[in-house]
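A.B. asks: quick one, what's the 3D model for this:
(one chain, ligands or ions: 1)
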Amino acid sequence: MPVAGGRIPVVLVAGYLGSGKTTLLNHLLATAGGTRIGVVVNDFGSIGIDAMNVAGQVDSMVSLSNGCLCCAVDASGLDAMLERLAEPGAGIDVIVVECSGLADPRELIRMLLAGENPRTGYGGLVEVVDAAEFDGTVRRHPEFATHLRFADAVVLNKADRVGAGELAALRERITAEAPGIPLLEAERGQVDPAFLFDRPERPADTGPRQLSFTDLLAEHDCAEHAHAAYRSVAVEFDDPVDPGALMAFLDSRPAGLYRMKGTVHFGIPGYRQPYLLQTVGNYVRFHRTQWPAGEAPRTALVLIGTELDEADLRARLAACAAGSPAEHGDYAMLPVLRYVS
Ligand SMILES: Nc1nc2c(ncn2[C@@H]2O[C@H](COP(=O)(O)OP(=O)(O)OP(=O)(O)O)[C@@H](O)[C@H]2O)c(=O)[nH]1
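C.D. replies: You can find the predicted model right below:
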């Protein structure tokens, strides 16, 4: 969306936990060509996992790791970050804010509109939707339809995880909730950056879209946000994790533990690289990466969910890191390897 006065557009990428925001952002960074993108990553949880996951091609990055951006003290906090990115010397063309999966986009839009930086302007909201978790998202988040209606573009991600018929049905449901809003199906967030940074003009307001800015600017009670019911638990271990024990934990993880992400250090000969763990609902994936130069191997995970028994989760995960790697044997990696992509 063009922004008046040659200001740098600030595009919000929102979407519920695990929908694929970081994946989309990495795709944008990898394919933006000559466009210089500044990034603000908003993690939910005390370890900056998302910031770590955004590939090293970022021109300039500011990471917030102290919770949800929509609850940052006031718009001046965000302003300070945008100001750093928008300094003329940085040559940034567009700023992308990856919202925490629990942020309310309305609050973020409001903060951007209230921002006082003369060099930046609100550039639109991209809502990433997880095709495979659609029904669960609607169930857990009754406000989902409202979020869709505030979007300037919807990316229906994880198209590979549902059949063609289901995808067509989802497309219809989203269009019914948010008529006239551009909808793009994607696998692994692979959308053309031009779709997000220079989208077609919105059609004239119809139906539900008319609730836009009056609602948006109405006073907003933070306690009503989705994350009021969610909590996050961050765990870190230097000792290597027993793969079998971790898989047993994953197989029996509590229903409320909706999202896990972070790095696992198994330390087994032949498998000494870090394994990036991602769970979203029932989905579990490991992805083999490399330790950043000079960084000691360790496990750092963020767990997000509702009704979590923090002490129990900590104790169970600590038990996974209690053995000696020599006892594990390389065959011990087999249960993990089934989930490596
Ligand atoms: N099969 C499949 N997996 C995907 C796709 N997009 C993302 N993923 C996987 O889904 C998991 C979550 O993706 P992220 O990009 O971290 O999601 P996110 O929205 O940034 O997550 P939060 O920041 O925790 O809300 C990762 O394991 C991704 O590799 C997709 O299109 N298809």
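
A.B. asks: and Arg149, helix, strand or coil?
C.D. replies: Three-state call for Arg149 (DSSP: H, G, I helix; E, B strand; the rest coil): helix.

A.B. asks: OK, contacts around Tyr122?
C.D. replies: Tyr122 makes contacts with Val3, Pro9, Val10, Ile109, Leu112, Leu113, as judged by C-beta atoms under 8 Å, 6 or more residues apart in numbering. Where C-beta positions appear, they are placed from N, C-alpha and C, glycine not excepted.

A.B. asks: filter those residues to the buried ones?
C.D. replies: Val3, Pro9, Val10, Ile109, Leu112 (16 or more other C-beta atoms under 10 Å).

A.B. asks: may I have the beta-bridge partners of the third one?
C.D. replies: Right, the one you point to is Val10. Assessed by DSSP bridges, Val10 has beta-bridge partners Ile95, Tyr122.

A.B. asks: report the separation between it and Arg106.
C.D. replies: Separation of Val10 from Arg106 (C-beta to C-beta, to the nearest Å) stands at 15 Å.

A.B. asks: for this protein, what lies in contact range of the ligand?
C.D. replies: Taking C-beta under 6 Å from any ligand atom as the measure of proximity, the chain contacts the ligand at 15, 17-23, 50, 101, 157-158, 160-161, 187-189, 259, 261, 278, 280, 285.

A.B. asks: could you pull out the helices for the stretch 151-300 of the chain?
C.D. replies: Counting by DSSP state H, counting those that start in this stretch, the stretch 151-300 of the chain has helices at residues 164-177, 193-197, 212-217, 243-251.

A.B. asks: what's the least confident stretch among those?
C.D. replies: Among the helices of the stretch 151-300 of the chain, helix 212-217 carries the lowest mean pLDDT, a mean of 44.

A.B. asks: can you pull the phi/psi pair for Arg36?
C.D. replies: Main-chain dihedrals, Arg36, degrees, to the nearest 10: phi -90, psi 120.

A.B. asks: give me the buried positions along stretch 85-103.
C.D. replies: Under the neighbour-count criterion of 16+ other C-beta under 10 Å, stretch 85-103 has 85-86, 92, 94-103 buried.

A.B. asks: oh, I was asking about stretch 167-176
C.D. replies: So for stretch 167-176, counting by 16+ other C-beta under 10 Å, buried means Leu167, Leu170, Arg171, Ile174.

A.B. asks: would you agree the last one is in contact with Leu184?
C.D. replies: Looking back up the chat, that one is Ile174. No: counting by C-beta atoms under 8 Å, Ile174 does not reach Leu184; the two are 10.7 Å apart.

A.B. asks: mutual contacts of those two, please.
C.D. replies: Residues touching both Ile174 and Leu184 by C-beta under 8 Å, 6+ apart: Val154, Leu156.

A.B. asks: got the CA positions of stretch 22-39 in CSV?
C.D. replies: Only the C-alpha atoms of stretch 22-39 are listed here, as CSV (Å, rounded to 0.1, in the frame of the first residue of the first chain):
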residue,chain,number,x,y,z
THR,A,22,8.7,-16.1,10.5
THR,A,23,8.7,-18.4,7.5
LEU,A,24,7.0,-15.8,5.4
LEU,A,25,9.4,-13.1,6.7
ASN,A,26,12.4,-15.2,5.8
HIS,A,27,11.0,-15.8,2.3
LEU,A,28,10.5,-12.0,1.9
LEU,A,29,14.1,-11.3,3.1
ALA,A,30,15.4,-14.0,0.7
THR,A,31,13.5,-12.8,-2.4
ALA,A,32,13.1,-9.1,-1.9
GLY,A,33,15.8,-8.4,-4.5
GLY,A,34,16.9,-4.8,-4.3
THR,A,35,14.3,-3.8,-1.6
ARG,A,36,16.0,-3.2,1.7
ILE,A,37,13.8,-4.5,4.5
GLY,A,38,14.0,-3.5,8.1
VAL,A,39,12.6,-5.9,10.6
